[in-house]
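Chemist: Predicted coordinates and the sequence they were generated for:
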Amino acid sequence: MSANILKRLGIFFGYTGYMCGRYRRRSTKEKIAELFEVEHGLEELEIEPEDDIAPGSVQPVVYFSPEGERGMAPMRWGFRLPDRFL
């Protein structure tokens, strides 16, 4: 495929200057907790379904506590770029 066709399909190779990694969350915190068997952290978490979640936003994350239990907490979603790219 040519590069133009790939761009139209939303497939990019290398750095293009476009933001990537957006997603949609349709589930409520209760559905997420049931699916991932979350045991704590739901009481203080307020989330609603979102259509355009981008890197850098605060989102619910399922994690393992030191005791081995699954919890859910708000965390900044994304990754940190190496300093050489900033």
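Modeler: Alright, I've got the coordinates.

Chemist: which parts of stretch 55-62 are buried?
Modeler: Gln59, Pro60 (16 or more other Cβ atoms under 10 Å). Heads up, the C-betas are built off the backbone N, CA and C, glycines and all.

Chemist: Residues touching it, excluding its own?
Modeler: 19, 21-22, 25, 29, 32, 36, 38, 45, 47, 53, 70-79 (Cβ atoms under 8 Å, 6 or more residues apart in numbering).

Chemist: Now with 10 Å, please.
Modeler: 19-23, 25, 27, 29, 32-33, 35-38, 41-42, 45-47, 50, 53, 70-79 (Cβ atoms under 10 Å, 6 or more residues apart in numbering).

Chemist: residues in contact with Leu71?
Modeler: For residue 71 the amino acid is Gly, not Leu. 33, 36, 38-42, 45, 61-65.

Chemist: Beta-bridge partners for it, please?
Modeler: As for beta bridges, Gly71 partners with His40, Tyr63 under DSSP bridges.

Chemist: follow-up on the earlier one: got TSV for the contacts of Gly71, with pLDDT and distance to Asp83 too?
Modeler: Below are the contacts of Gly71 laid out as TSV (pLDDT from 0 to 100; distance: Cβ to Cβ, whole Å):
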residue	pLDDT	distance to Asp83
Ala33	89	37
Phe36	91	34
Val38	92	35
Glu39	84	38
His40	85	36
Gly41	84	32
Leu42	85	37
Leu45	86	32
Val61	89	24
Val62	92	29
Tyr63	92	26
Phe64	93	29
Ser65	90	31
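
Chemist: Relative to Leu42, how far out is Glu69?
Modeler: 12 Å (Cβ to Cβ, to the nearest Å).

Chemist: Which element, helix or strand, includes Leu35?
Modeler: helix 29-36 (DSSP states H and E).

Chemist: May I see the buried residues of that helix?
Modeler: Lys29, Ile32, Ala33.

Chemist: CA atoms of that helix as CSV?
Modeler: What follows is helix 29-36, C-alpha atoms only, in CSV (Å, rounded to 0.1, in the frame of the first residue of the first chain):
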residue,chain,number,x,y,z
LYS,A,29,-16.9,1.5,37.1
GLU,A,30,-19.2,-1.4,38.2
LYS,A,31,-18.8,-3.2,34.9
ILE,A,32,-15.1,-2.7,34.9
ALA,A,33,-14.8,-3.9,38.5
GLU,A,34,-16.8,-7.0,37.7
LEU,A,35,-14.8,-7.9,34.6
PHE,A,36,-11.4,-7.5,36.3
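
Chemist: Right, I'll leave it there.
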